[in-house]
Structures are given as structure tokens and as C-alpha cells.
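A.B. asks: have a look; sequence and predicted model below, questions after that.
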Amino acid sequence: MNVIGKLIIDTVNLVNNFLWGKNILVVMLIGTAIYFTLRTRFMQFRLFGDIVRILGKSEKDKQGISSLETFFLGTACRVGAGNIAGVVAAVSIGGAGSLFWMWLVALLGSSTSFIESTLAVIHRDKIGEGRYIGGTPWVIKKRLNIKFPAIIYAISSIVCYIGVTQVMSNSVTESVSSAYNIDPKYVSIALAVIVGAIIFGKSKRDKIIEALNKIVPVMAVLYLGVVIFVIVTNITSFPAMFKNIFYEAFGGKEFLGGTIGGIIMQGVRRGLFSNEAGSGNSNYAAAVVDIDEPAKQGLVQALGVFVDTLIICSATAFVILLAGVEKVADGEGMILNGKVLSGMTLFQEALKDHIGWIGIPFTVVIIFFFSLSTILAVAFYGKSAVSFINEKINLNFVYQVIIVIMVYVGGIQQNFFVWSLADFGLGIMTVINIICILIISKDALVELKKYEGKLRNK
């Protein structure tokens with residue numbers, strides 16, 4: 001058993017080092033994003049107004065799921081604790097300039113999200129009146145007529161989601177324990193009970209969808225409300241901050257051992273990891289919508305990429321940069337009020353610098369909402385993956401029990417191998433998804449053309 005365990009660990013680390021360490025996925029995702037931006041003739045800019053209008057309309061009947069609800073679902077999965085910790089790390093290492101490259105990745109990557117989500121709506125299964133199921137595994141099986149890579153994708157999804165659940169749970173317990181010195185065990189029990197109550201609670205509609213309909217708007221309003229306050233109270237520093245972002249983005253300043261390559265790579269990787277365009281994750285959400293035209297849902301999911309990176313990630317970066325931080329020489333943190341800080345501590349202290357003592361409890365609340373929404377989203381996504389793997393035996397109950405258990409386990413301890421499994425699963429998913437959508441992207445492009453034709457004829 002030890003030999004088998006070591007082999008698994010070595011294999012996971014080998015694949016992660018190749019895909020993530022060598023930036024193979026970064027090159028694949030950026031190349032794909034540029035390609036689809038050109039093929040769609042910059043649809044993310046041309047049709048932005050129409051995207052917003054789609055969200056404002058009801059596209060559901062009594063049983064179906066609307067575009068707005070799938071937007072909340074996709075946003076919940078994209079927006080997690082990583083939108084704080086990951087962005088802080090990127091800015092600490094790559095400086096203010098890394099934020100510009102996050103923006104660029106989001107602007108380009110939204111076209112990839114459009115293609116993959118449109119394909120998910122085209123190639124899905126109907127399971128009832130106004131009810132659907134689908135995702136990348138269905139796209140591969142139904143369009144390419146091959147099941148093995150579809151099964152691998154579904155299994156990789158489950159592996160990734162179990163790992164993500166632990167990471168999010170640990171983020172909650174760590175923030176609460178560090179702020180109030182509470183035993184992580186009690187925090188993890190409370191979080192597991194909350195997640196279990198939502199997943200297994202009684203409801204006429206999907207319990208997770210209903211919960212996210214309430215959680216996502218609340219967490220967005222809370223977070224953005226505070227960030228707007230920070231911007232307004234530091235409005236005189238805002239122009240200088242923006243100037244510095246663009247100045248450093250193009251290597252206008254050789255600061256403390258940093259290089260232009262490091263700045264670009266930090267921003268690019270963080271943007272890609274955060275918005276997940278190209279991984280196919282959002283396909284599980286896109287496929288369940290009750291909508292008349294696939295291209296409409298592709299546009300909705302493209303907007304999710306904007307929201308994740310251009311709004312949430314930017315908000316985090318603004319809190320840090322407007323606090324007057326300075327980068328340290330070794331790239332392992334930033335100087336704030338004479339102290340070298342990094343990670344969540346840097347964010348908490350920066351927020352405290354802006355809004356006083358309430359910054360600490362506010363951070364705890366935001367981390368809780370961000371993490372809870374992500375856990376619920378992957379619980380929903382995983383149900384689709386499990387259903388694809390075994391259509392006859394309902395294993396969803398087992399999967400959901402595992403999710404609740406991992407919430408508890410992740411909360412009481414950091415298991416870095418499980419974290420590696422999350423990266424491993426996401427990496428495999430991304431490779432399979434990109435190859436798939438590049439082969440059959442014409443289907444989505446045809447839908448886009450049809451949809452734009454209808455817009456012109458209105």
C-alpha cells in the first residue's frame with residue numbers, strides 16, 4: 001500500500017510540475033483565449049450590452065433554472081477565498097503591474113468561456129420539463145462520440161472538487177482561528193453542519209441553487225460596498241495607483257529584483273486560475289439553464305469571467321495598493337506600517353488600515369461567504385460529474401456526504417497532497433476541455449452567427 005501511495009503522490013506531483021510548473025497550461029489557455037477572441041470578432045466587447053439585458057430577463061418556467069441563477073452558480077464557483085489570498089500573493093510577488101495582466105486575461109478569456117458554455121448548452125440531455133443536465137463530459141460523448149476522455153474528465157472534476165472543498169474549508173477555519181483564537185475543530189464542525197443542512201435540506205427546487213441565489217448577491221454587495229468606500233476615501237490616491245499599475249505592467253520600473261517576465265506571469269497565472277475560463281468548470285452550470293438559444297448562455301458565462309477578475313480580483317488588489325504598501329526585496333510580502341506582511345494577514349491589516357478595527361471581523365465574514373459559495377457550487381457540479389460516470393446507480397448521495405466530510409477534515413488540518421489533487425484534477429480537466437473545444441468550436445460560432453442575425457432583424 002505504501003508503494004502504491006508513493007506512486008500516486010509521485011504521479012500527481014509530476015503532472016502538476018509539468019502542467020503548472022512549466023506554465024504549459026498558461027500557454028494553452030492564453031493561446032486559446034486569443035484564438036477565440038479573434039474567431040468571435042471580439043464578441044465580449046461588441047455584445048456586452050446584450051449580455052446585461054439577457055440577465056435582466058426571466059428565461060425560466062416553474063421548474064427550469066434561469067440564466068441569472070446559473071450566473072450566480074458560475075460566479076459562486078469562480079469567486080472563492082483564492083480571490084483574496086491569490087490576488088494578494090500575485091501583487092506581493094509581481095507588484096501592482098500584475099493586476100493589468102489579470103485584466104487582460106479576463107478580457108481575452110471571456111471568449112473561451114463563451115465557446116465552451118455555448119457548446120455545453122448545445123450538447124446536453126433533457127431530464128424533465130425545463131430541466132437539463134450536461135457539461136464537458138456530455139459534449140465529448142455526444143459530439144465527438146468518444147466516452148473514455150469524457151469519463152476521465154468527470155473523474156478529474158470530482159478529484160478537483162474534493163480538493164477545492166478542503167481548501168475553502170481550511171480558509172474559513174484559518175481566518176476565524178487567527179482572528180479570534182477559536183479551536184479550528186469547532187469552526188469546521190459548524191461549517192460542516194451549515195453545508196450539510198443546505199445540501200440535504202428539503203426544498204421544492206434545487207437546494208444549492210436556492211442557497212446561492214441568496215448568498216452570492218449578499219457577499220457581492222458586502223464586499224464591493226466596502227471596497228467602494230475604500231476607493232472614495234482614497235480618491236485622491238486613485239489616479240496615482242492606476243498610473244503605477246500600467247507603469248509597472250510594462251516594466252517601466254525595475255523594482256527590487258522583480259522582472260517584467262515575473263510581473264506578467266504572476267498576473268496571467270492568477271487571472272487564469274481565478275476565472276477558470278478554459279477549464280470547462282462553468283459548463284456544468286451553463287448546461288442546466290432553461291433557455292431558448294445556446295449563444296445567450298454563452299454570453300452570460302462570459303460575463304462571469306469579467307465579474308470574477310475585473311471586479312472581485314481588482315477590488316482585492318485596490319484594498320492592498322491603496323493602503324500605501326511597498327514591495328520588499330525578496331518578493332515574499334509587502335511593507336505596511338513598517339511591518340513585512342503577506343497572505344491573508346496583509347489583506348486584513350490593509351483593510352484595517354482603511355476602515356479600522358472592523359476590518360478583521362469583516363474579512364472573516366467575507367471569507368466565510370466566498371468559501372461557502374464555492375463549496376456549494378462544486379457540490380452541485382460534482383453531482384453532474386457523478387451522474388455521468390454512473391447513469392444507473394444514484395451515487396450523488398455518497399458524493400454529497402463526502403463533500404460534508406471533507407469540509408470537516410479540511411477545516412481541522414491542512415493536507416497539502418489534497419491541495420495538489422485539486423491542481424491535478426483542474427489541470428487534467430483543462431487539457432481535455434481545451435482540446436475538445438478547439439476541435440468543435442465551429443458549433444458555437446454558428447450559434448453566435450445565428451444569434452447576431454436575430455439581433456439585426458429585431
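C.D. replies: Received the coordinates, thanks.
A.B. asks: lowest confidence element among the helices and strands of this protein?
C.D. replies: helix 260-275 (a mean of 61; mean pLDDT, DSSP states H and E).
A.B. asks: next, the buried residues of stretch 388-401.
C.D. replies: Phe388, Ile389, Asn396, Tyr399, Gln400 (16 or more other C-beta atoms under 10 Å). Using the backbone N, CA and C atoms, a C-beta is placed for each residue, glycine as well.
A.B. asks: quick one: the nearest residue to the third one once chain neighbours are set aside from Asp183, how far?
C.D. replies: Nearest residue to Asn396, sequence neighbours excluded (C-beta to C-beta, 6 or more residues apart in numbering): Lys383, at 4.9 Å. Lys383 sits 32 Å away from Asp183, taking C-beta to C-beta, to the nearest Å as the criterion.
A.B. asks: contacting residues for the residue nearest to Asn396?
C.D. replies: Asn396, Tyr399, Gln400 (C-beta atoms under 8 Å, 6 or more residues apart in numbering).
A.B. asks: doesn't it lie inside a strand?
C.D. replies: No: Lys383: not assigned to a strand; according to DSSP: H, G, I helix; E, B strand; the rest coil it is helix.
A.B. asks: tell me the pLDDT at it?
C.D. replies: We have a pLDDT of 87 for Lys383.
A.B. asks: the following helix or strand past the least confident helix or strand of the chain packs against which elements?
C.D. replies: Heading C-terminal from helix 260-275, the first helix or strand you meet, by DSSP states H and E, is helix 283-286. Counting contacts by 3 or more C-beta pairs under 8 Å, 6 or more residues apart in numbering; DSSP states H and E, helix 283-286 is packed against helix 67-78, helix 97-122, helix 136-144, helix 294-306, helix 359-389.
A.B. asks: what residues of the shortest one count as buried?
C.D. replies: I take that to be helix 136-144. Applying 16+ other C-beta under 10 Å to helix 136-144 flags Thr136, Pro137, Trp138, Val139, Ile140, Lys141 as buried.
A.B. asks: residues in contact with that helix?
C.D. replies: For helix 136-144, the external contacting residues (C-beta under 8 Å, 6+ apart) are 116, 119-120, 122-125, 146-147, 149-151, 153-154, 280, 283-284, 287, 385, 388, 429, 432-433, 436-437, 439-440, 443.
A.B. asks: of these, grab the buried ones for ChimeraX.
C.D. replies: A single ChimeraX command selects the buried members of the contacts of helix 136-144 (16+ other C-beta under 10 Å):
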select :116,119,120,122,123,124,149,150,151,153,154,280,283,284,287,385,388,429,432,433,436,437,440,443
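A.B. asks: now tabulate the buried residues of stretch 388-401 in CSV and tack on pLDDT.
C.D. replies: Formatted as CSV, these follow (pLDDT from 0 to 100):
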residue, pLDDT
Phe388, 89
Ile389, 87
Asn396, 81
Tyr399, 88
Gln400, 88
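A.B. asks: from these, pick the one nearest Leu108.
C.D. replies: Leu108 has its nearest neighbour among the buried residues of stretch 388-401 in Phe388, at 29.5 Å by C-beta to C-beta.
A.B. asks: the closest one contacts Ala154, correct?
C.D. replies: Yes: if you go by C-beta atoms under 8 Å, Phe388 and Ala154 touch, sitting 4.7 Å apart.
A.B. asks: shared neighbours, those two?
C.D. replies: Overlap of the contact sets of Phe388 and Ala154 (by C-beta under 8 Å, 6+ apart) consists of Gly135, Pro137.
A.B. asks: where along this protein do the strands fall?
C.D. replies: 125-128, 131-133, 326-327, 334-336, 339-341 (DSSP state E).
A.B. asks: neighbours of the residue lying closest to Ile311 once chain neighbours are set aside, how many?
C.D. replies: Of all residues not flanking Ile311 in the chain, Leu224 sits nearest, at 7.1 Å (C-beta to C-beta, 6+ apart). Using other C-beta atoms under 10 Å, Leu224 is surrounded by 13 other residues.
A.B. asks: just Glu447 next, same as before
C.D. replies: Neighbour tally, Glu447, other C-beta under 10 Å: 22.
A.B. asks: cool, Val216 as well?
C.D. replies: Counted with other C-beta under 10 Å, the neighbours of Val216 add up to 24.
A.B. asks: without its sequence neighbours, what residue ends up closest to it?
C.D. replies: Closest to Val216 by C-beta to C-beta, 6+ apart is Phe72, at 4.3 Å.
A.B. asks: contact partners for Ala323?
C.D. replies: Ala323 touches Leu336, Glu349, Ala350, Asp353, His354, counting by C-beta under 8 Å, 6+ apart.
A.B. asks: do I have it right that the second one meets Gly324?
C.D. replies: No: applying C-beta under 8 Å, one finds Glu349 not in contact with Gly324, separated by 11.7 Å.
A.B. asks: these two - which one has more neighbours?
C.D. replies: Between Glu349 and Gly324, counting by other C-beta under 10 Å, Glu349 is the more crowded of the two (21 against 15).
A.B. asks: need the pLDDT of the more buried one.
C.D. replies: On the pLDDT scale, Glu349 is placed at 81.
A.B. asks: quick one: it from Leu7, how far?
C.D. replies: Separation of Glu349 from Leu7 (C-beta to C-beta): 43 Å.
A.B. asks: off-centre distance for stretch 92-101?
C.D. replies: Between the centre of stretch 92-101 and the centre of its host chain there is 19 Å, according to C-alpha atoms, centre = their mean, to the nearest Å.
A.B. asks: re the thing from before, looking at the buried residues of stretch 388-401, which is nearest Ile375?
C.D. replies: Using C-beta to C-beta, Gln400 is the member of those that lies nearest Ile375, at 11.1 Å.
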